[in-house]
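Student: Compute the structure for the input listed below.
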Amino acid sequence: MPIIKAISDLRNKANEISDLAHQSNEPIFITKNGEGDMVVMSMAQYSKLQLKLDLFSKLAVAQA
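Tutor: Numbering: from 1, shown residues only. You can find the predicted model right below:
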């Protein structure tokens, strides 16, 4: 289930959002005026995502 937080939580509860990002290992979707605005994730999770994207890119080149 996606984690969704208001942008005011990012401003007022930054430490809580940081802890949540590290504990859940999931992206946290930030809304502004009820609409999706940005995504927050831990550096570790971001690094894993970058490695996966790099691998998929290399696989696509190899397949072509």
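Student: Next, count neighbours for Ala6.
Tutor: Counted with other CB atoms under 10 Å, the neighbours of Ala6 add up to 15. C-beta coordinates here come from the backbone N, C-alpha and C atoms, glycine included.
Student: check contacts around it.
Tutor: 30-32 (CB atoms under 8 Å, 6 or more residues apart in numbering).
Student: State the phi and psi torsions of it.
Tutor: phi -80, psi 150 (degrees, to the nearest 10).
Student: Okay, and the beta partners of it?
Tutor: Residues in a beta bridge with Ala6, per DSSP bridges, are Thr31.
Student: I'd like to know how far it sits from Ala62.
Tutor: 43 Å (CB to CB, to the nearest Å).
Student: what's near enough to touch Val40?
Tutor: Taking CB under 8 Å, 6+ apart as the criterion, Val40 is in contact with 10, 17, 21, 27-28, 30.
Student: Secondary structure and distance to Met38 added to those residues, as JSON lines?
Tutor: Below are these laid out as JSON lines (DSSP: H, G, I helix; E, B strand; the rest coil; distance: CB to CB, whole Å):
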{"residue": "Leu10", "secondary structure": "helix", "distance to Met38": "8"}
{"residue": "Ile17", "secondary structure": "helix", "distance to Met38": "12"}
{"residue": "Ala21", "secondary structure": "helix", "distance to Met38": "13"}
{"residue": "Pro27", "secondary structure": "coil", "distance to Met38": "10"}
{"residue": "Ile28", "secondary structure": "strand", "distance to Met38": "9"}
{"residue": "Ile30", "secondary structure": "strand", "distance to Met38": "5"}
